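Participant: 3D model of this:
(one chain, ligands or ions: 1)
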Amino acid sequence: TQAASSGSSGGNADKKIVMGFAQVGAESGWRTANTKSVQESAKTAGVDLKFSDAQQKQENQIKAIRSYIQQKVDVIAFSPVVESGWDTVLKEAKDAKIPVILTDRAVDSADKSLYKTFLGSDFVLEGKKAGEWLVAETKAATDTVNIVEIQGTTGSAPANDRKEGFQDAIKANPKLKIIASQSGDFTRSGGKQVMEAFLKNNPDIDVVFAHNDDEGLGAIEAIEAAGKVPGKDIKIITIDAVKDGMTALSAGKINYIVECSPLLGTQLMDLAKKVLAGETVPERVVTEETTFTQEQATKALPTRQY
Ligand code: AHR
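Facilitator: Residues are numbered from 1 along each chain as shown. All right, here's what the predicted structure looks like:
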C-alpha cells in the first residue's frame with residue numbers, strides 16, 4: 001500500500017493512492033453534486049478512486065467496505081447512510097490497517113479510533129438556523145403556527161441532527177408547533193408522498209420544514225396539486241441550496257434555505273494524503289456554509305456550481 005511503500009523502500013514514491021469510496025446513493029441533487037466533487041477532486045489530486053453506490057442501503061455499504069478491505073486499498077472514505085451499526089466493519093478495516101475517513105455523515109461508534117477524521121457539515125447547526133429564521137419570521141404571530149416536518153432518512157445523522165437543532169430553536173416561540181413529522185428519505189418522490197398525506201390529514205398547515213431541497217421540491221408539487229400556493233399559503237424552509245432548490249427559492253416557492261455544501265472532494269483528498277503520510281489531522285473538519293433568502297438566492301444563482 002501507499003503507506004507501506006512510501007518510506008525507506010524507495011522507487012515507489014509516485015505510486016498512486018488508492019481510495020475506496022462507499023457513497024450513500026443518488027437520492028438527491030446534493031448527493032449527485034457530492035459524487036461529482038469526489039470524483040473530480042480524485043482526478044485532480046491523482047488519486048485512484050474506486051467508487052460504489054449503495055442505493056441508500058447499509059448492507060450494500062458494508063459489502064463495499066469489505067470489498068475495499070479485500071482489495072487492500074490505501075484508504076477508505078464513506079458517507080454512512082445511518083449512524084449506527086458500523087463497529088464491526090470499521091474494526092475489520094482497522095485490523096487490516098486501512099485508515100477510514102468519514103465524509104459528510106457521522107457514525108455513533110463510541111470508539112473514535114475506528115476512523116481518522118470526520119469531514120462534513122454541522123447538521124445540528126443547520127436545523128438551528130432553519131428554526132431561528134422561522135422564529136424571527138413569526139415573532140408577531142398571534143395564533144398557533146402549525147409546522148409539518150419532512151425528515152430525512154430515518155436513523156441518518158442529518159435527519160437526527162437537523163430535527164434536534166430545529167426543535168431547539170423553535171422553543172423560543174411557544175406559538176410554533178410541529179403537528180406532524182415523517183421521513184421522506186431525502187428524495188423528491190418521498191417528499192411529495194409525505195406532503196400529500198400531511199395535506200389530507202391536516203387542513204391547517206402553515207409551514208413545511210423539509211430536511212433537504214429535494215423533499216421540499218416534492219412538497220411543492222403536492223401543495224400545488226392541492227390547489228394551494230407554496231411559499232404563500234404554506235411557507236417552506238429547506239436545507240442544501242442546490243440549483244433546483246435555489247431556483248424555487250428565487251421564484252418564491254421556497255421561503256428560506258440553509259446551505260449544506262456537497263463540495264467535500266478537495267478537502268477529502270487533502271485529508272487522505274495527510275493521513276497516509278502519517279501527519280496528524282483534526283478529529284473533526286466542519287464545512288463552512290451560509291443561508292439564503294429569496295433575494296440572496298436570485299443573486300447567487302447565476303454562478304451556482306451545482
Ligand atoms: O448527508 C447530507 C444530506 O444527504 C443532504 O442534505 C441531502 O440532500 C442528502 O441526501
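Participant: Quick check, pLDDT for Tyr306.
Facilitator: Per-residue pLDDT puts Tyr306 at 95.
Participant: now swap in Asp168 and tell me
Facilitator: On the pLDDT scale, Asp168 gets 98.
Participant: now stretch 170-178: how far from the chain's centre is it?
Facilitator: The chain centroid and the centroid of stretch 170-178 are separated by 25 Å under Cα atoms, centre = their mean, to the nearest Å.
Participant: buried ones in that stretch?
Facilitator: Residues of stretch 170-178 classed as buried: Ile170, Asn173, Leu176, Ile178 (neighbour count, 16 or more other Cβ atoms under 10 Å). Yep, even glycine has a C-beta here, placed from its N, CA and C like the rest.
Participant: Out of these, give me the two with the largest separation.
Facilitator: Using Cβ to Cβ, these span at most 12.3 Å, a distance reached by Asn173 and Ile178.
Participant: The stretch 151-300 of the chain against the ligand: which residues are in contact?
Facilitator: Neighbours of the ligand within the stretch 151-300 of the chain, by Cβ under 6 Å from any ligand atom: Pro158, Phe186, Asn212, Ile239, Asp240, Cys260.
Participant: Try it again at 8 Å.
Facilitator: By the rule Cβ under 8 Å from any ligand atom, the part of the stretch 151-300 of the chain lying against the ligand is 152-153, 156-158, 186, 211-214, 239-240, 242, 260, 262.
Participant: which residues of this protein fall in strands?
Facilitator: With DSSP state E, the ranges of strands along the chain come out as 18-23, 48-53, 75-78, 100-103, 117-120, 145-151, 176-183, 207-210, 235-240, 256-259, 284-286, 291-292.
Participant: want to throw the ones you listed into JSON lines with mean pLDDT?
Facilitator: Shown next, in JSON lines, are the strands of the chain (pLDDT from 0 to 100):
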{"stretch": "strand 18-23", "mean pLDDT": "98"}
{"stretch": "strand 48-53", "mean pLDDT": "98"}
{"stretch": "strand 75-78", "mean pLDDT": "98"}
{"stretch": "strand 100-103", "mean pLDDT": "98"}
{"stretch": "strand 117-120", "mean pLDDT": "98"}
{"stretch": "strand 145-151", "mean pLDDT": "98"}
{"stretch": "strand 176-183", "mean pLDDT": "98"}
{"stretch": "strand 207-210", "mean pLDDT": "99"}
{"stretch": "strand 235-240", "mean pLDDT": "98"}
{"stretch": "strand 256-259", "mean pLDDT": "98"}
{"stretch": "strand 284-286", "mean pLDDT": "98"}
{"stretch": "strand 291-292", "mean pLDDT": "98"}
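Participant: Could you find the closest non-adjacent residue to Thr247?
Facilitator: Leu301 (6.7 Å; Cβ to Cβ, 6 or more residues apart in numbering).
Participant: Touching, the one you found and Asp244? I think so.
Facilitator: No. The pair Leu301 / Asp244 is not scored as a contact, 10.8 Å apart, by Cβ atoms under 8 Å.
Participant: of the two, who's got more company?
Facilitator: Each of Leu301 and Asp244 has its neighbours counted (other Cβ atoms under 10 Å); Asp244 has more, 17 against 14.
Participant: any idea how far the ligand is from that one?
Facilitator: 11 Å (Cβ to the nearest ligand atom, to the nearest Å).
Participant: Which residues are in contact with that residue?
Facilitator: Gly29, Asp213, Asp214, Leu217 (Cβ atoms under 8 Å, 6 or more residues apart in numbering).
Participant: neighbours around the residue lying closest to the second one once chain neighbours are set aside, how many?
Facilitator: So the one you mean is Asp213. Once flanking residues are discounted, Asp213 sits nearest to Gly245: 3.0 Å by Cβ to Cβ, 6+ apart. Residues near Gly245, counting by other Cβ under 10 Å, number 29.
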